[in-house]
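K.L.:
need coordinates for the following:
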Amino acid sequence: MSGHSGTAQLTNPATRQGEHFSFYMATEGESLTGQNNPRAPWVNTVAGCWDAPIPDFAETAVRWRTVPGSATAPGDFTAVTPPTDTGWNPPRPGETERICNDIHEQGCKPPRSTNPGTRPLPVPLASNSVTDEAVRSLQVELTGGKIWGDLHPPNGSAWGLNNTSFLGRRRTMHIVDDDGPTRFSLEPTLSNASGPVAYSRLEFGSSTDVWLPVFRAGSSTTAMEVDYELVGSGEHPATKGPAGAAGTDYTDLTNGTVVFPATTTNPPLGGDTGPRLSWIKIRLNWDRVGEHPETFDVNLVGHNNDGGATSTTFTILDSDGGPDNGPPPGPEMHPKGKLHHPKLNFKYPQNYPYLNEIHLFTANAKGVGYRHPDYESTWQVIFADLAIRKRYKSGKCAWWRGSGFKPGGCNSKRWFRMKDGGSEDYFLYRVKKHMPVSVGKSKVRDYKVWSRWFDRSANESTLRTGANKNRFEVTWGTKACRTNPFGRKCRPIKP
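P.N.:
As a prediction, the model looks like this:
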């Protein structure tokens, strides 16, 4: 995970990219100051485990600030500067209320329903009637966190940067101009509204589909389109072609045209697209051939934005031990990890609340820290799968398929994707129905759960009994779990 229980991180960006390229976006003059505004930057925390061996019901407050780039204060936004004293007294600017984000629904003191698991960071945006650059940018940065909990002093820990996540500490916010004629822009760098962000991705796994943002400035928000072209470039040009076609490196999923619908809201509130933000969608083809990094240019056509960010370069990084990459990591490299529950050979009451919340904690194969320069490009665990089997006393089997168990061969695993749990190396899946009991006269003999996960170098975890290959049983619900499902007397039976 990104850090200890209570570690704070920015969340809910308007982006389809990984953390390294995530961003917030807003329109000039848009109100992002309301406490319930879903489009403002938000902060949450790494979960504290209710049923950990040593409980830590962590609650966290954060301090934050705005960092100017091509957008500056006070012309584009009102600067936010946090307090510098050792106390805590919101609602001072740059300081939040407490946050509780336990992975279990009732794992907060008080419960999460009365102490939200996220807090907004309101950024006051300015407005004018002048035609400015299509997109100007600033950053929102966490400067420290203060934690209260079972393992902390009554008045909370000292304010510290180590109470914030290294990967989720800072995000760029792009402000789109709402004056003048319609014009389009690719994503600019923080400091230069005309300088485009350059992209690179590995040709493997969940990173194969990439969405490149296109912003639309101007006073009009009617439905509109802008064309673009993808052209191989550089010393090793990438080849465009149909998905899966031999000898091709990438596929244009939006066919040279970006569509801006005539809606009234922008992402994330309004979905994937909006009147100010849409996407060029590209699929990278994993050819399993060792080769040089390959590049192609992304150019907007008819953008009406001279001097803006209208052309950039995309680099496809090889994942098969190409000549510029050195030898592949090798079969001995496997990312590590363990299912938190269900545990091996435990018997879970049917109404035990955590039986329906399956948690997976992972660790990268190389053992490098999040600050390592190759972490995000090579060693980061990017997705995880799960399979749950119900075995009958008759010898037949069924596999969990999202809304229930479906018949299937006992040795034919039915994998499905786990969700990102909200922090690094933490994945979560919620089973929406109680599992039938497997004791007494039940037709069910037992259950088994498998998990697997992959990093950006295509390394796969290994199956290990007791870690991510666990047999378990479901017993009748207990009175203790009905009376107080989150109490200490509601627990599984150890083998």
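
K.L.:
residue 480: what's it in contact with?
P.N.:
Taking C-beta atoms under 8 Å, 6 or more residues apart in numbering, we find residue 480 in contact with 487, 489-491. The C-beta positions use only the backbone N, C-alpha and C, and glycine is treated the same way.

K.L.:
which among those end up buried?
P.N.:
Buried members of the contacts of residue 480, counted by 16 or more other C-beta atoms under 10 Å: 490-491.

K.L.:
may I ask which two of the contacts of residue 480 are separated the most?
P.N.:
487 and 491 (8.9 Å; C-beta to C-beta).

K.L.:
let me see the domain layout of this protein.
P.N.:
By the assignment in automatic domain parsing, the chain contains the domains 1-177, 183-317, 336-483.

K.L.:
closest one to residue 495 among those domains?
P.N.:
domain 336-483 (3.8 Å).

K.L.:
ok but residue 210 is inside a strand, no?
P.N.:
Yes. Assessed by DSSP: H, G, I helix; E, B strand; the rest coil, residue 210 belongs to a strand.

K.L.:
for burial, what's the neighbour tally of it?
P.N.:
Residues near residue 210, counting by other C-beta atoms under 10 Å, number 22.

K.L.:
distance of it from residue 199?
P.N.:
Per C-beta to C-beta, to the nearest Å, residue 210 is found 7 Å from residue 199.

K.L.:
okay, and the common contacts of those two?
P.N.:
Applying C-beta under 8 Å, 6+ apart, one finds that residue 210 and residue 199 are jointly contacted by residue 314.

K.L.:
so which residues of the stretch 151-300 of the chain form strands?
P.N.:
Using DSSP state E, counting those that start in this stretch, the strands of the stretch 151-300 of the chain run over 170-176, 183-186, 199-202, 209-217, 224-233, 250-252, 257-260, 277-284, 294-301.

K.L.:
and the third one, which strands flank it?
P.N.:
Applying DSSP bridges, strand 199-202 is found paired with strand 311-317 (parallel).

K.L.:
contact partners of the strand it pairs with?
P.N.:
Strand 311-317 is contacted from outside by 186-187, 196-203, 210, 212, 233-234, 238, 249-250, 282, 284, 293-300, 325, 377, using C-beta under 8 Å, 6+ apart.

K.L.:
list the contacts of the strand or helix carrying residue 339.
P.N.:
In this structure, residue 339 sits in strand 336-341 according to DSSP states H and E. Strand 336-341 has contacts (C-beta under 8 Å, 6+ apart) with 49, 354-355, 358-365, 381, 425, 449, 451, 453, 461, 467-468, 470, 492.

K.L.:
try it again at 6 Å.
P.N.:
354, 359-363, 451, 467-468 (C-beta atoms under 6 Å, 6 or more residues apart in numbering).

K.L.:
what mean pLDDT does the helix or strand following it get?
P.N.:
Per DSSP H and E, the first helix or strand lying C-terminal to strand 336-341 is strand 347-349. For strand 347-349, the mean pLDDT works out to 96.

K.L.:
what's the helix or strand following strand 347-349 packed up against?
P.N.:
For strand 347-349, the following helix or strand on the C-terminal side (DSSP H and E) is strand 357-363. On a contact count with 3 or more C-beta pairs under 6 Å, 6 or more residues apart in numbering; DSSP states H and E, strand 357-363 meets strand 336-341, strand 426-430.

K.L.:
let's go with 8 Å and repeat that
P.N.:
On a contact count with 3 or more C-beta pairs under 8 Å, 6 or more residues apart in numbering; DSSP states H and E, strand 357-363 meets strand 336-341, strand 381-392, strand 426-430, strand 444-455.

K.L.:
and residue 169, which of these is closest to it?
P.N.:
Nearest of the helices and strands packed on strand 357-363 to residue 169, taken as C-beta to C-beta: strand 426-430 at 17.2 Å.

K.L.:
which parts of that closest one are buried?
P.N.:
For strand 426-430, burial by neighbour count (16+ other C-beta under 10 Å) applies to 426-429.

K.L.:
quick one: secondary structure of the residue nearest to residue 403 when sequence neighbours are not counted?
P.N.:
In this structure, residue 403 finds its nearest non-sequential neighbour in residue 432, 7.1 Å apart by C-beta to C-beta, 6 or more residues apart in numbering. The three-state label given to residue 432 by three-state DSSP is coil.

K.L.:
low-confidence regions, the stretch 251-400 of the chain specifically.
P.N.:
Where the stretch 251-400 of the chain drops to pLDDT under 70, the residues are 287-290, 319-332.

K.L.:
the same query, at a cut-off of 80, please.
P.N.:
269-271, 286-292, 318-332, 370-371, 373, 376-377 (pLDDT under 80).

K.L.:
before we move on, what about the stretch 101-250 of the chain?
P.N.:
Ranges of the stretch 101-250 of the chain meeting pLDDT under 80: 101-117, 149-152, 167, 202-208, 243-247.

K.L.:
if we go to 70?
P.N.:
Scanning the stretch 101-250 of the chain for pLDDT under 70 picks out the ranges 102-116, 150, 204-207, 244.

K.L.:
list the contacts of residue 230.
P.N.:
Counting by C-beta under 8 Å, 6+ apart, residue 230 touches 240, 250, 252, 256, 282, 296-299.

K.L.:
and these, which is closest to residue 403?
P.N.:
Top of the list for closeness to residue 403, among those and by C-beta to C-beta, is residue 282 at 32.6 Å.

K.L.:
hey, what's the closest one bridged with?
P.N.:
Beta-bridge partners, per DSSP bridges, of residue 282: residue 210, residue 252.

K.L.:
I'd say it and residue 248 touch.
P.N.:
No. Judged on C-beta atoms under 8 Å, residue 282 makes no contact with residue 248 at a distance of 11.9 Å.

K.L.:
if we can go back for a sec, now render the contacts of residue 480 as TSV, adding secondary structure, pLDDT and distance to residue 10.
P.N.:
Shown next, in TSV, are those (DSSP: H, G, I helix; E, B strand; the rest coil; pLDDT from 0 to 100; distance: C-beta to C-beta, whole Å):
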residue	secondary structure	pLDDT	distance to residue 10
487	coil	79	34
489	coil	88	38
490	coil	90	35
491	coil	90	35
